[in-house]
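Colleague: 3D, please:
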Amino acid sequence: MLRALLLAYGLLVAVASPVAADPLADIRAGNQSFAEGKLEQAIADFSRAIEGGGLDPESLALAYNNRGVVFGELGDFDRAILDYQRALELKPGDPKTVRNLRIAHTRRGLAAARTGEVDRALADLSRAIELEPGHPTAYVRRAELRLERGDVQAAIDDLEAAVGIAPDNKEARTQLERVRAALGNRLRPTAPAETTASGAGPGISSAAPAAGVASSEGTAVEPTPRVVAVPSASVSDREMSSAASSEAGTFGSRLRITSDVFVRAEPTTASPAIGSLRRGAEFTTRGEEKGWLKVELADGRTGWVYRRFVEPVVGAAQ
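Modeller: Alright, predicted model coming up:
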């Protein structure tokens, strides 16, 4: 009798025991958190998946890739690059991860350029080119920095490479034509200039125009790194968003961008970017919807930025 009771109790415990957790569940949760703009939660979800020990190498690579995307969204390019490198160790040559790693190096290079760390910027842009030599963006950005240093021929080489890769890239072609024209003016022998009443002749520019690191949509801004879905998970691409205080968002509030951000056509991460705003730019809110703030661009168009990367302008009239 006692034996029968023990057996029945054992069966009851077995039935009541929870089913083994799906090792991909944390990745799906991270993808969902990312899609909802909950970036810190997404980091926690992907970290739990990585540290849980239940993933096969390919799924673990996916978790590292996706966490790298979120780190990039938060502007932590060092950690993003480390995660992409770990993903590639697990799944060598994965094209999505290689692409994301190139974007991270490009963005980190642009961030370094904005703070005057030109050597670091050039190193990151060169690494981006090594990763995907068939993509033109890093060539154009590196050319700009080389122009600022006066290394005109190297800049021309980069711009020629960019045009060779993407003949329809208007920015690369325009910059190449300008640099060639400026270089031609510098090398062309000049006839004696007519003397003006003051005794001074007209001057000729002797150097290529310095090209700053731009950030308008379609130029410096890189395409979006990809969060890779697992079965039953659907996520959309997104670009850099930012963090804001709870005070931001009231209609007519004066706000400041705390990190370079994209401006969306609609208040959703799935909407295409129509422009960008640089860190430090100020604007007056025109509306708010589901955590997105409506802004007006310089050309009069309106778009949306995510409120996570804005802050109130202290002392601004509300």
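Colleague: What's the mean pLDDT across stretch 288-308?
Modeller: Taken as a whole, stretch 288-308 carries a mean pLDDT of 79.
Colleague: ok, and for that stretch, which residues are buried?
Modeller: Of the residues in stretch 288-308, 288, 291, 292, 293, 294, 295, 303, 304, 305, 306, 307, 308 count as buried by neighbour count, 16 or more other Cβ atoms under 10 Å. Bear in mind the C-beta positions are built from the backbone N, C-alpha and C, glycine included.
Colleague: and those residues as CSV, adding distance to residue 95?
Modeller: Output for the buried residues of stretch 288-308, formatted as CSV (distance: Cβ to Cβ, whole Å):
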residue, distance to residue 95
288, 38
291, 32
292, 31
293, 35
294, 36
295, 34
303, 31
304, 31
305, 30
306, 28
307, 33
308, 29
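Colleague: Show me which of these is closest to residue 108.
Modeller: Ranked by distance to residue 108 (Cβ to Cβ), the buried residues of stretch 288-308 are led by residue 308 at 20.1 Å.
Colleague: Verify the contact between that closest one and residue 36 for me.
Modeller: No: applying Cβ atoms under 8 Å as the test, residue 308 and residue 36 come out as separate, 11.6 Å apart.
Colleague: where along this protein do the helices fall?
Modeller: 2-16, 25-35, 39-51, 57-73, 77-90, 95-114, 118-131, 137-148, 152-165, 170-187 (DSSP state H).
Colleague: If you count contacts, what does the longest one end up packed against?
Modeller: Other elements packing on helix 95-114 under the criterion 3 or more Cβ pairs under 8 Å, 6 or more residues apart in numbering; DSSP states H and E are helix 57-73, helix 77-90, helix 118-131, helix 137-148.
Colleague: Show me what the residue nearest to residue 263 when sequence neighbours are not counted bridges to in the sheet.
Modeller: Using Cβ to Cβ, 6 or more residues apart in numbering and skipping residues adjacent in sequence, the residue nearest residue 263 is residue 303, 3.8 Å away. Beta bridges link residue 303 to residue 295, judged by DSSP bridges.
Colleague: so residue 303 makes contact with residue 267?
Modeller: No: between residue 303 and residue 267 no contact is recorded; they are 9.1 Å apart, counting by Cβ under 8 Å.
Colleague: Might you report the residue contacts of residue 272?
Modeller: Residue 272 makes contacts with 264, 265, as judged by Cβ atoms under 8 Å, 6 or more residues apart in numbering.
Colleague: change the start of the numbering to 505 and stick with it
Modeller: With 505 as the first residue, the last one maps to residue 776.
Colleague: Check it and give its pLDDT.
Modeller: Predicted confidence (pLDDT) for residue 776: 73.
Colleague: Roughly how far does it sit from residue 641?
Modeller: 18 Å (Cβ to Cβ, to the nearest Å).
Colleague: Same question for residue 541.
Modeller: Residue 541 is 26 Å from residue 641, by Cβ to Cβ.
Colleague: out of those two, which sits in the busier spot?
Modeller: residue 641 (26 against 19; other Cβ atoms under 10 Å).
Colleague: what's the spacing between that one and residue 648?
Modeller: Per Cβ to Cβ, residue 641 is found 11 Å from residue 648.
Colleague: what do you get for residue 608?
Modeller: Remark: distance between residue 608 and residue 648 (Cβ to Cβ) = 19 Å.
Colleague: Give me the more crowded residue out of these two.
Modeller: Ranked by neighbour count (other Cβ under 10 Å), residue 608 and residue 648 place residue 608 first, with 30 against 23.
Colleague: about what we covered before: can I get the helices and strands packed on helix 599-618 in TSV with mean pLDDT and distance to residue 762?
Modeller: Output for the helices and strands packed on helix 599-618, formatted as TSV (pLDDT from 0 to 100; distance: least, Cβ to Cβ, whole Å):
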stretch	mean pLDDT	distance to residue 762
helix 561-577	94	13
helix 581-594	96	16
helix 622-635	95	21
helix 641-652	92	23
